[in-house]
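J.: can you look at this prediction? I've put the sequence above it.
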Amino acid sequence: MQRTEITADTPLSALFRKEHHEMLHSVIDTWRPALIGLEKEEALKMNTFFFDFDWIRPIEVYMDLIYLIINDGLFTPMSVLAHYMATHSNLSKSEATLYALLKRYKRMCNKN
């Protein structure tokens, strides 16, 4: 998947392997209480992730994504996920910051 293929309507699930969609569905369901305005939307069709950071810490979201990544769930390069989250969430407006944090947390998890 190239960046040009990501649109406002692209669901997060498009970036993950189909055999990991059940795991992704579970992760998104754990985020659900902290998501603003998306209570009834089907998890694998969701394309925006605006978090209420009074309910969830950003590191929890990053670590959930890292868990999927280190379990070989990510279909695209991590840079594409960083771009996606920068444009489809409020984790960070900076794609570079998102990518750097994903790399750092992945490296930390791989050491264990």
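T.: Nice, thanks for sending it over.
J.: could you give the backbone dihedrals for Leu35?
T.: Note on Leu35: backbone dihedrals following degrees, to the nearest 10 are phi -90, psi 140.
J.: and the gap between it and Met46?
T.: Leu35 sits at a distance of 8 Å from Met46 (criterion: CB to CB, to the nearest Å). Where C-beta positions appear, they are placed from N, C-alpha and C, glycine not excepted.
J.: for Asp29, same thing?
T.: According to CB to CB, Asp29 stands 11 Å off from Met46.
J.: also Arg104?
T.: With distances taken as CB to CB, Arg104 is found 26 Å from Met46.
J.: now the longest helix anywhere in the chain: average pLDDT?
T.: Scanning the chain for the longest helix, with DSSP state H as the assignment, gives helix 95-111. Along helix 95-111, the predicted local confidence has a mean pLDDT of 93.
J.: list the buried residues in it.
T.: Buried residues in helix 95-111, counted by 16 or more other CB atoms under 10 Å: Glu95, Leu98, Tyr99, Leu101, Leu102, Tyr105, Lys106.
J.: wait, doesn't the last one sit right on Ile69?
T.: Yes: look at Lys106 against Ile69 with CB atoms under 8 Å: they come within range, at 6.0 Å.
J.: need the overlap of contacts for the two.
T.: Common neighbours of Lys106 and Ile69 are listed as Met78 (criterion: CB atoms under 8 Å, 6 or more residues apart in numbering).
J.: centre of the chain to stretch 76-87, how far?
T.: Stretch 76-87 has its average C-alpha position 8 Å from the chain's average C-alpha position, going by CA atoms, centre = their mean, to the nearest Å.
J.: dihedrals phi and psi, Arg32?
T.: In terms of degrees, to the nearest 10, the main-chain angles of Arg32 are phi -50, psi -50.
J.: for it, grab the count of nearby residues.
T.: The local packing count at Arg32 equals 14, with neighbours defined by other CB atoms under 10 Å.
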